[in-house]
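Participant: Sequence first, then the predicted structure:
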Amino acid sequence: MAANPVIQTDNLTKVYKSGRESVLALKNLNLSVQPGEIFGFLGPNGAGKTTTIRVLLDLIRPTKGHASIFGQDANLNSVALHHRIGFLPGELNLWKNLTGKQVVHYVASVRGDDGSMVKHAHELAEQLSLDFSKKVRAYSSGNRRKLGLVVSMMHKPDLLILDEPTGGLDPLLQQTFNHMMLEARAAGRTVFLSSHVLGEVQAICDRVGILRNGELKAVERVDNLTHTNFHWVTLNFREAVAPEVVEQVPGVSEVVREDHSLRVRLSGDFDPLLRAVEKHYIVSVQTKEPTLEEIFLAFYGNNSSGEQTS
């Protein structure tokens, strides 16, 4: 028997109104997040990710539809549910005149800490190399993000909801964050995180939902999504080379010539491409990973029906 979803939305819709104008931020969102999984909520800025999170947390009310967390109505039971949720907003506002330690102690006291939360907060801070003695106003944006992570995780919530959690973190600390999320999953907790960067979630997410213009376009396992393997390759030559030289190479498409360069989309191995241009002097070769939007279009083409799989 399948476990009940931790997060369930049914035709969730949000319309923002300003005077006579209306903006559809979320349209008929149907989404399920299962217990013990790390779910990545992907989409470009403005896609509706933050709106979804705010509705789930009862920070705003939906125009239509319904959301539940742990089987309870997300609006009617929001106060009780917040005890089981850790939340990191995309725009984090903390008490600037307090030290990190004072922030932690204050939040712990509000949550009714018996001492275990503060202890765990110090363990998390050590993992993140965060100095609790400084005032929030003296923190860099990355350190404020770290403090937000500590506050959201220190009570060991059953569900973590994180909005763009790694913004401002350096690459090494992003690896630490990944490890912390995997530890949370191993402990049976559920993680729901939003991002507009596919690479940010590839290493840790079990499934991803792709949101575009307020509509959920697909839900896929990460390994399925990333099977669309291609790169943008730019070959810079000493002299101009005709596009026809590479257009028939297996795996090459969308060839564009710019001055002495050829930019191609390459699926598969590099060797056939390099052999095709071996008679020409190559100054340099540049490769670029596809963007989330490009992977989306490669995987789903122009289909915008929003069909979902699990």
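Facilitator: It's in. What you see is a predicted model, and the numbers here were worked out from it, not measured in a lab.
Participant: now the strands for the stretch 1-150 of the chain?
Facilitator: Ranges of strands in the stretch 1-150 of the chain, per DSSP state E, counting those that start in this stretch, are 7-18, 21-33, 38-42, 64-69, 72-73, 85-88.
Participant: Ok, which of those comes nearest residue 287?
Facilitator: Smallest distance to residue 287 across these (CB to CB): 22.5 Å, for strand 38-42. For every residue, glycine as well, the C-beta is placed using N, CA and C.
Participant: Going by residue numbers, what spans are helices in the stretch 51-200 of the chain?
Facilitator: In the stretch 51-200 of the chain, the helices defined using DSSP state H, counting those that start in this stretch lie at 78-82, 100-110, 116-128, 141-153, 171-186, 198-202.
Participant: Can you say which of those helices is nearest to residue 35?
Facilitator: Closest of the helices of the stretch 51-200 of the chain to residue 35 is helix 171-186, at 10.2 Å (criterion: CB to CB).
Participant: quick one: that closest one to helix 116-128, angle?
Facilitator: Counting by axes from the mean of the first three to the mean of the last three CA atoms, to 10 degrees, helix 171-186 points 140 degrees away from the direction of helix 116-128.
Participant: returning to what we had before: taking the strands of the stretch 1-150 of the chain together, which one is wrapped up most tightly?
Facilitator: Ranked by mean neighbour count under mean count of other CB atoms under 10 Å, the strands of the stretch 1-150 of the chain are led by strand 38-42, which reaches a mean of 25.
Participant: related to what we said a few turns ago, mind checking the helices of the stretch 51-200 of the chain for the one nearest to residue 89?
Facilitator: Shortest separation from residue 89 across the helices of the stretch 51-200 of the chain is recorded for helix 141-153, at 7.6 Å, computed as CB to CB.
Participant: Send over that closest one as PDB, restricted to the C-alpha atoms.
Facilitator: Provided in PDB are the C-alpha atoms of helix 141-153 (Å, rounded to 0.1, in the frame of the first residue of the first chain):
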ATOM      1  CA  SER A 141      24.600  37.300   1.900                       C
ATOM      2  CA  GLY A 142      26.100  33.800   2.000                       C
ATOM      3  CA  ASN A 143      26.400  33.800   5.800                       C
ATOM      4  CA  ARG A 144      22.800  35.000   6.100                       C
ATOM      5  CA  ARG A 145      21.800  32.100   3.900                       C
ATOM      6  CA  LYS A 146      23.700  29.800   6.200                       C
ATOM      7  CA  LEU A 147      21.900  31.200   9.300                       C
ATOM      8  CA  GLY A 148      18.600  30.700   7.500                       C
ATOM      9  CA  LEU A 149      19.400  27.100   6.800                       C
ATOM     10  CA  VAL A 150      20.300  26.600  10.500                       C
ATOM     11  CA  VAL A 151      17.100  28.100  11.700                       C
ATOM     12  CA  SER A 152      15.000  26.000   9.200                       C
ATOM     13  CA  MET A 153      16.700  22.700  10.100                       C
END
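Participant: who's in contact with it?
Facilitator: With CB atoms under 8 Å, 6 or more residues apart in numbering as the test, helix 141-153 has contacts from 86-89, 92, 94, 100, 103-104, 107, 120-121, 124-125, 128-131, 134, 136, 139, 160, 162, 165-170, 173, 177, 180, 184.
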